[in-house]
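Peer 1: okay, structure incoming, though there's no sequence with it:
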Ligand SMILES: Cc1cc2nc3c(=O)[nH]c(=O)nc-3n(C[C@H](O)[C@H](O)[C@H](O)COP(=O)(O)OP(=O)(O)OC[C@H]3O[C@@H](n4cnc5c(N)ncnc54)[C@H](O)[C@@H]3O)c2cc1C
Ligand code: SF4
Ligand code: FES
C-alpha cells in the first residue's frame, strides 16, 4: 500500500516541495492537498504585477487542475484544516477527516494587523492573497479613490505602486525614518522615496497610526501627530507572523515559528514543515529563495534520503517599475568593517559595499543594480577581494586590469572628456583656462563655469588642475565642514538651496557624504541649515542636536541641568517669582542664580525631573527661556522713560515686543539683544549681537557686538524713527543671518566675512528685499514661535526623560 | 545567562539612547540608524559625561561634554583620545530588548 501524505497549505513552498517529490518518485505517496484559499498553488510574489495590471491572475498560476490530476494529488481547496490529531494520525478538515502517514505543514504566515481602533472597519485589508489583491483592484475603480498604505517595507511599497498605477491617490505611512529600513540604509532609502514621490505617491515617514476612522466603512487614518489622511481603502502591510496555530494546538514544538531540524522535521518525526511557518535555528524566513531550498530538503526527507537545510544569503529587490534597488548581506557599519561608497547624484545612483577583512559582507545599491548579482556571488562565496579592492565598486567590467590610481585616471582622460556635467565643460576647456592663467578652483570656475552649478565635480576639476600644474598646484585651504565631506559650510548652504535638498539623507546622498549618517559636527549644522531654508517642509531632527537643545535645558558638569524660564524683556512679577521659588523648593534646586541676561537660573535639576518642573512653571504662565539654544536667548532692557529721568523712549516695551517677535527662532549661533533707553546704555546694548539705543529722535540700531571670548563694540547699522521699523529691520537682519551664516558663527564673525556694507544694502537700502526677508522670518516663526516645555511635559513625552528600565530593585533581590 | 527584559526598541529614538538604572550605575542603551542596539556604561571616562545624551552616528557616540567619540561595539575611544567604556550584551528577541545582567555584575566585580 502507498503511504499517505497530507499537505496543509498550497503555497509557494509546498508547491515546490511537491514538484521535487513527484519528480523523484511519483509513486511514493498518495497525496492530499488542503488549502484554505479556494484555489491551488500560484506564484504569490507575482500578485504585485497582478495588482498593477501588468499581469492576469491566470499567468501566475504555477500548478493547474491538469497537473494535480496527472500526478494523482487529491485537492481539497477552499477547505481549511481545523486541527491535527496526532494520536489517531488524522487531519481534521472543515468537511472531513483524512488519515496520514506523513504530514507536511506549509501554512505560510498571517499578516500582522496593528491593534488600533477601527482596524476591523470594512475597507481595511492586508496584502497577502488574491482576495486582497482583488479588493484593492475593486477599490481603485471608484473615481478619485484614496488609499493609505500602512507600512513602507517591500510589500507596502509594492501595494502603493500598484494602487497608484491603477489611478488611486496613495499615501504611504511608515513608522521608521526611511523606507525599507531593513534592507536599505538611509541614503538608498532617500533615493527610493524620491523615486516614489516622483510617481506621485505621498510618503510620510516617522508616522505612527493611532486610529482608523470611519462610521460603517473606513474614511480616514489618524496619525499620532493628529493629522488625518482621508482614505477609501487602507492596506496594512506592517509585517507577518508565522501561521503556527495548528502546530501549537497539536502540541508540536513552536517557538516563533514551528521548530524544525536540518531535515525539516518538527518535534514529531512524522510531521514536517516547510516555508514561512517554520523556524530553523532561531531564524524565520520571509523570502522565497530559502523556502525553495527547504522544499528540496523536505522532499528528500519524505523519500528517506539524507538532506540538510542550510540557509544562504538572500538578496532583496523591489518589484516596482523605475525603482532599481538591490540589497544583500549585512550592510550595517562596524568597527572591523569598512565602507566603500559611490554616489553619482546626477544619475541618482548610490552604491555601498561593506567589507570585513578581505571579504565583501554586504551591498546596498540604488539606481544602477546591474552588478548586484555579481556582488551577491562574492558575498555568498566569501571570495577574497583584496586584489580588486580598489576597483571593486565599479563591478566586474573593471576587474582584471591594473588597479587604477585616480590621478593617473584623470591624467589619462582625453581632452574631450566631460568633467562638468551640469555645464558641459570638458577637460580641454579646463586645461586651456589653466594655461591662460587660472591656477585655482575659483578661477577655473569663473572662467569656464566648470563646477559652478552643483559643485560635485569640484574634486575632478581639482585633479585636472593638479595634473596640469604639477607642483605649482596648491590645494585650496577652505575648511570642509568635517571629515564626512570635502565641501565647506558655504558650499553646503548654497547647494541645499540650489538643489532643493530638504532632508539630511538628501544632503548626504546628493552631496556625496562619505559616512552613512554624518557625525556630531556636521549633523547639527545640516539640521540647522535645513530648518532655516525649509521651515515648513523640513522636520527638525532632535537626534542631530546637542543635548541642551534636545532636552531644552543646559547640561552642567555633573550631568544635572539648569532651567531658565523666560522673563520677557527682563520683566517679572511677584507671582512669577513665587512660582519660581516654589519650583526651587519642590525640586530641591541647590542653586538659584540671576543671569547676565536678566533672568533666574535654577541649577542642579535632575534630567528626569525636567518635564515636571516645566509643567509647574508653565502652570504659572512661564515658558522656556531658550537659555540653551542656538537661537534667540534674551533681550536685555533698561527701565526706560517710564521710570528713568533720562529715558527717551519705552525701552522695556520695545524689548518685550522684540522678544515676543523673535523668540523660538533658531539661528546659526546664540542671539542676544539689548535695548537701552538713552545713550547712557544701562542695558549694555552696544556689546550685543544686535543693540538698540533709544534717542529723542528714534532708535539707533547697531549690530555685531560681542562680549564673550572676544569683546567688541557694535557697528552702526541704521537709525529709524518708529518701533515698527526697528522691529522690521531687526527681523530682516536676523533672517539674513539665518539664511547666510555659517553654523556656530556668531553675528560679529559672520559680519566680518560678508561685510557690514553688504548687510546695510540688503536690509536698509533695499526696502523690497528687507520686506521679503522679514516675511520669510515670519513664515519660519509661524512654526517655531512656541514653547518646547509645554510640548515635552505632556503625558506622552514626559516619560521619555526617565530611564527605559529600572533594574535597581530586581538586582537587589 | 540571565537576560533581563528592559523594554522595546521603539522606546529608544532612532540615532538616540535611553538609560537603564542598575545598582551598579546607569547603562546606556543605544539605537543606531540601522536599528541595531548596543549597551555601554553611561559614564564617559574623561570627566563623567552622560554618553546617552551624546549624538549617535554610525556605530559611534560623541560625549556631550567634550566630544570624545566612542565605538559602541568595543567601547574604545576613537581618534587621539585614550579611554574605554564598558560594553554589555543586549539583544532583541520577539520584539523585546534583553540585557545580559550577569555580565553587568561580573564586570563590576572584576
Ligand atoms: C504581494 C506579495 C509579494 C511578495 N513578493 C516577494 C518577492 O518579491 N520576493 C520574495 O522572495 N518573496 C516575496 N513575497 C513573500 C513570499 O510570497 C512568501 O515568502 C511565500 O509565499 C511563502 O510561502 P509559503 O508556502 O510558506 O506560504 P504561502 O505561499 O503563504 O502559502 C501558505 C498557504 O497555506 C494556506 N493555509 C494556511 N493555513 C491553512 C489551514 N489551516 N488549512 C489550509 N490551508 C491553510 C494559506 O491559505 C496559503 O495559501 C511576497 C509576498 C506577497 C504577499
Ligand atoms: S539707559 Fe538711559 S534710560 Fe535706560 S536706565 Fe540707563 S539712563 Fe535711564
Ligand atoms: S566627559 Fe566625555 S568628553 Fe569630557
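Peer 2: It's in. Note that this is a predicted model, so its numbers are computed, not measured. Ligands and ions are numbered 1, 2, ... in the order given.

Peer 1: now the helices: where do they sit in chain B?
Peer 2: Using DSSP state H, the helices of chain B run over residues B:101-109.

Peer 1: touching, residue A:524 and residue A:743? I think so.
Peer 2: Yes: Residue A:524 lies in contact with residue A:743 (C-beta atoms under 8 Å); the separation is 6.9 Å. Any C-beta I mention is one placed from the backbone N, CA and C, and that applies to glycine too.

Peer 1: up against ligand 2, what does chain A have?
Peer 2: A:638-640, A:644, A:646-647, A:651, A:676-678, A:680-682 (C-beta under 6 Å from any ligand atom).

Peer 1: name the SS class of residue A:515, please.
Peer 2: Secondary structure, DSSP: H, G, I helix; E, B strand; the rest coil: residue A:515 is coil.

Peer 1: burial check on the closest residue to it other than its chain neighbours, number of neighbours?
Peer 2: Closest residue to residue A:515 apart from its sequence neighbours, by C-beta to C-beta, 6 or more residues apart in numbering or on different chains: residue A:484 at 4.5 Å. Summarising burial for residue A:484: neighbours were counted as other C-beta atoms under 10 Å in any protein chain shown, giving 23.

Peer 1: how about the residues of chain A next to ligand 2, which pair is most distant?
Peer 2: Greatest spacing in the residues of chain A next to ligand 2, by C-beta to C-beta: A:639 and A:681 (13.0 Å).

Peer 1: okay, the closest residue to ligand 3 within the stretch 551-700 of chain A and residue A:601: tell me how far apart.
Peer 2: Ligand 3 sits closest to residue A:557 of the stretch 551-700 of chain A, with a gap of 8.5 Å, by C-beta to the nearest ligand atom. Distance of residue A:557 to residue A:601, given as C-beta to C-beta, to the nearest Å: 15 Å.

Peer 1: with residue A:188 instead?
Peer 2: 46 Å.

Peer 1: can you report how many residues neighbour the nearest residue to residue A:590 once chain neighbours are set aside?
Peer 2: Leaving out its chain neighbours, the residue that sits closest to residue A:590 by C-beta to C-beta, 6+ apart is residue A:604, at 4.2 Å. Residue A:604 has 17 neighbours, counted by other C-beta under 10 Å.

Peer 1: what does residue A:25 give?
Peer 2: By other C-beta under 10 Å, neighbour count at residue A:25 equals 12.

Peer 1: residue contacts, the residue of the stretch 551-700 of chain A closest to ligand 3?
Peer 2: B:47, B:65 (C-beta atoms under 8 Å, 6 or more residues apart in numbering or on different chains).

Peer 1: next one, pLDDT for it please.
Peer 2: We have a pLDDT of 85 for residue A:557.

Peer 1: for it, pull up the helix or strand it's in.
Peer 2: Here residue A:557 sits in a region with no helix or strand, counting by DSSP states H and E.

Peer 1: swap in the one 5 residues further on?
Peer 2: Following DSSP H and E, the helix or strand that holds residue A:562 is strand A:561-563.

Peer 1: what sits up against stretch A:543-554?
Peer 2: Contact partners of stretch A:543-554, identified using C-beta under 8 Å, 6+ apart, comprise A:504, A:518, A:523-524, A:526-527, A:542, A:555, A:561-564, A:605, A:607, A:610, A:614, A:624, A:626-630, A:788-789, A:792, A:801, B:13-16, B:50, B:53-56, B:64.

Peer 1: list of residues touching the helix or strand hosting residue A:753?
Peer 2: For residue A:753, the element it lies in under DSSP H and E is helix A:747-754. Here helix A:747-754 makes contact (C-beta under 8 Å, 6+ apart) with A:668-669, A:671, A:689-690, A:703-706, A:710, A:712, A:715, A:737, A:740-742, A:745, A:759.

Peer 1: give me that answer again for 6 Å
Peer 2: For helix A:747-754, contacts defined as C-beta atoms under 6 Å, 6 or more residues apart in numbering or on different chains pick out A:689, A:704, A:706, A:712, A:737, A:741.

Peer 1: what's the first helix or strand after it?
Peer 2: helix A:756-760.

Peer 1: any idea how far that next one is from the chain center?
Peer 2: 39 Å (C-alpha atoms, centre = their mean, to the nearest Å).

Peer 1: ok, then the element right after that helix?
Peer 2: Per DSSP H and E, helix A:756-760 leads on to helix A:767-784 as the next helix or strand towards the C-terminus.

Peer 1: state the distance from the residue nearest to the spatial centre of chain A to ligand 1.
Peer 2: For chain A, residue A:177 is the residue whose C-alpha lies nearest the centre (C-alpha atoms, centre = their mean; 3.1 Å). Per C-beta to the nearest ligand atom, to the nearest Å, residue A:177 is found 24 Å from ligand 1.

Peer 1: these two touch, right, that residue and residue A:204?
Peer 2: No: contact criterion C-beta atoms under 6 Å: residue A:177 and residue A:204 do not qualify, at 11.3 Å.

Peer 1: the strand holding residue A:562 and chain B in contact?
Peer 2: No: residues of strand A:561-563 are not located near chain B by C-beta under 6 Å from any C-beta of the partner chain, the shortest gap being 10.0 Å.

Peer 1: mind listing what that strand pairs with, with the direction of each?
Peer 2: strand A:554-555 (antiparallel), strand A:600-605 (antiparallel) (DSSP bridges).

Peer 1: need these in TSV (columns: distance to residue A:728).
Peer 2: TSV is the format used below for the strands paired with strand A:561-563 (distance: least, C-beta to C-beta, whole Å):
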stretch	distance to residue A:728
strand A:554-555	32
strand A:600-605	31
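
Peer 1: mean pLDDT lowest where, among those?
Peer 2: Minimum mean pLDDT among the strands paired with strand A:561-563: strand A:554-555, a mean of 92.

Peer 1: hmm, that strand in reach of ligand 3?
Peer 2: No: Strand A:554-555 lies apart from ligand 3 when judged by C-beta under 6 Å from any ligand atom; the minimum separation is 10.6 Å.

Peer 1: ok, the residue nearest to the centre of chain A - contacts?
Peer 2: Neighbours of residue A:177 in contact, by C-beta under 6 Å, 6+ apart: A:205, A:206, B:14.

Peer 1: surely it is within a helix?
Peer 2: No: Residue A:177 sits outside any helix when classified using three-state DSSP, being coil.

Peer 1: below-threshold pLDDT in the chain: ranges please.
Peer 2: Since you didn't name a chain, this refers to chain A. For chain A, applying pLDDT under 70 flags the ranges A:397-409, A:412, A:418, A:420-424, A:452-457, A:473-478, A:809-813.

Peer 1: chain B is the one I meant
Peer 2: Ranges of chain B meeting pLDDT under 70: B:1, B:80, B:106-110.

Peer 1: if I look at the nearest residue to residue A:594 once chain neighbours are set aside, how far off is residue A:467?
Peer 2: Nearest residue to residue A:594, sequence neighbours excluded (C-beta to C-beta, 6+ apart): residue A:600, at 6.0 Å. Per C-beta to C-beta, residue A:600 is found 63 Å from residue A:467.

Peer 1: ok, residue A:590 next?
Peer 2: Taking C-beta to C-beta, one finds residue A:590 at 64 Å from residue A:467.

Peer 1: over to residue A:305?
Peer 2: 64 Å.

Peer 1: which one's more surrounded, those two?
Peer 2: Neighbour totals were compared for residue A:305 and residue A:467, and residue A:467 leads with 19 against 12 (other C-beta under 10 Å).
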